[in-house]
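Enquirer: Pasting the sequence and the predicted coordinates here, then a few questions.
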Amino acid sequence: MKKWFKCGLSLDEREELKNEILQYLSNSPINTYGKKFPGVIVEGTGGAFKYRFTPKNYHKGKSGSFRTIYFIYNANKQNLFFLEIYPKNKKSTLSVKEKKSIKNFIKEFRYSKRKNDYDIDN
């Protein structure tokens, strides 16, 4: 959340972003050209997506928007995580170190979810 506030964004704008992503999942067309989630997959992260976000009350155009990195564990929308956010005009991509950190988080999260699912079933 620190990074979110550091970008000058509010909790309402965070909710707006969450709703944009969830709305895409709920209303995605039949042919999404293989895109299950909005944005593009970030190589080297183990499954995180990069998505350009411009809050509705922002009037700075595309260059004033933000890039957000998010991860969804399953398509039923129960586990949506915002992992990173930064102004598009300040940074173009994630560093190798940031990608590795995100990949480790996703790997650990998936492992713990599978372990919990297994423990519940047995």
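Expert: Sure thing, it's come through.
Enquirer: Quick one: distance of the strand or helix carrying residue 110 to the chain centre.
Expert: Counting by DSSP states H and E, the element that carries residue 110 is helix 96-121. Here the centre of helix 96-121 is set off from its chain's centre by 15 Å, with Cα atoms, centre = their mean, to the nearest Å.
Enquirer: counting contacts, what elements does that helix pack onto?
Expert: Under the contact definition 3 or more Cβ pairs under 8 Å, 6 or more residues apart in numbering; DSSP states H and E, helix 96-121 sits against strand 66-72, strand 80-87. Any C-beta I mention is one placed from the backbone N, CA and C, and that applies to glycine too.
Enquirer: these two touch, right, residue 44 and residue 106?
Expert: No - Residue 44 is not in contact with residue 106 according to Cβ atoms under 8 Å; the separation is 11.1 Å.
Enquirer: These two: who's more crowded?
Expert: Neighbour comparison, residue 44 and residue 106: the larger count goes to residue 106, with 18 against 13 (by other Cβ atoms under 10 Å).
Enquirer: Low-confidence regions, the protein specifically.
Expert: Scanning the chain for pLDDT under 70 picks out the ranges 28-35, 59-63, 75-78, 116-122.
Enquirer: Give me the residue at the spatial middle of it.
Expert: The centroid of the chain falls nearest to residue 70 when counting by Cα atoms, centre = their mean (1.4 Å).
Enquirer: Residue 79 versus that residue, what's the distance?
Expert: Relative to residue 79, residue 70 is positioned 11 Å away (Cβ to Cβ, to the nearest Å).
Enquirer: Tell me the spacing between residue 70 and residue 7.
Expert: 15 Å.
Enquirer: just residue 103 next, same as before
Expert: Per Cβ to Cβ, residue 103 is found 23 Å from residue 7.
Enquirer: Pull the contacting residues for residue 74.
Expert: Residues near residue 74 by Cβ atoms under 8 Å, 6 or more residues apart in numbering: none.
Enquirer: Quick check: it is in a strand.
Expert: No - assignment of residue 74 by DSSP: H, G, I helix; E, B strand; the rest coil gives coil, placing it outside any strand.
Enquirer: Report how many residues lie close to residue 12.
Expert: When neighbours are counted by other Cβ under 10 Å, residue 12 registers 10.
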